[in-house]
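[1] Here is a sequence together with a model predicted from it:
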Amino acid sequence: MKCIALQHLAFENLGCFENVLLEQGFIIEYRQAGLQALSQDEWLNTALIVVLGGPLGVYQTADYPCLREEIDGITSRLAAQQPTLGICLGAQLMAAALGAKVYPGKAKEIGWGKVELSAMGAASALASLAGVPVLHWHGDTFDLPQDVLHLASTLLTPNQAFALGDYGLGLQFHPEVDGRQIETWLIGHTGELYEEGISIPVLRAESQQKAELAIAAGQAMLRQWLAGALHGL
């Protein structure tokens, strides 16, 4: 089985999810958005596609045509009910592919915090995340698409996670992040962190402190979701 992970920043990778995918027997292939487009055949026939995060806005398609290509690819993939995981920007692209509006949120949400699971979320793979701080790093948000299950929220961002059947999962937050490797994020996003007045030493220390628990919870969530998403493969 192949997993294609679509990247929008080189340092925003599969993180702690990578080991889970390897143990499940996946061959992982990274593609860089804007440089290594997926073919229609790949969108429709790859066992698993993970669309990762990045600083782009879904609504910036005029400046970044690759976003339109991704929305179209995700649209066709979800219509074919093929296993698809979207994280942060990836979740926003999934929401757009399902016809929902994506737009700047009230404020940026950056740092570690728990998500509030809905009743559906508590009965889903996200149950592993109950009470566990996860990394938030976004400025945009989205309306909840039609025909999806609302799984999680925070006070600032009501739509933090949704599921489409057992094959589609959109996560606004970052359960894939390995807090022990947060330095790449702190370096790569330094401009944004300074602009938002976020203490880099505090975020570094908090990431390292919460890493072990967050990794275990994120990996457990992914294993459970894969069990349902891949049952027909």
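    Cool, got the structure.
[2] and the helix of greatest length in the chain, how far from the chain's centre?
    Identified as the longest helix of the chain according to DSSP state H is helix 200-229. Relative to the centre of its chain, helix 200-229 is centred 13 Å away, using Cα atoms, centre = their mean, to the nearest Å.
[3] In that helix, which residues are buried?
    203, 206-207, 210-211, 214-215, 217-223, 225-226, 228-229 (16 or more other Cβ atoms under 10 Å). To be clear about C-beta, it is placed using only N, CA and C from the backbone, and glycine gets the same treatment.
[4] the helices in the chain, which residues?
    Using DSSP H, the helices found in the chain span residues 17-23, 40-45, 65-79, 89-97, 119-122, 183-188, 190-195, 200-229.
[5] Can you tell me what sits against the fourth one?
    Looking back up the chat, that one is helix 89-97. Helix 89-97 has contacts (Cβ atoms under 8 Å, 6 or more residues apart in numbering) with 6, 8, 50-56, 58, 67, 70-72, 74-75, 78, 84, 86, 102, 140-145, 159, 161-162, 164, 168, 170-172.
[6] residues touching the residue positioned nearest the centre of the chain, list them.
    Ranked by distance to the mean C-alpha position of the chain (Cα atoms, centre = their mean), the top residue is residue 87 at 0.8 Å. With contact set as Cβ under 8 Å, 6+ apart, residue 87 has these partners: 50, 51, 52, 53, 171, 174, 175, 176.
[7] out of those residues, what pair is the most spread apart?
    Within the contacts of residue 87, two members stand farthest from each other by Cβ to Cβ: 51 and 175, at 14.5 Å.
[8] of the two, who's got more company?
    Neighbours were counted for residue 51 and for residue 175 using other Cβ atoms under 10 Å; residue 51 has more, 28 against 25.
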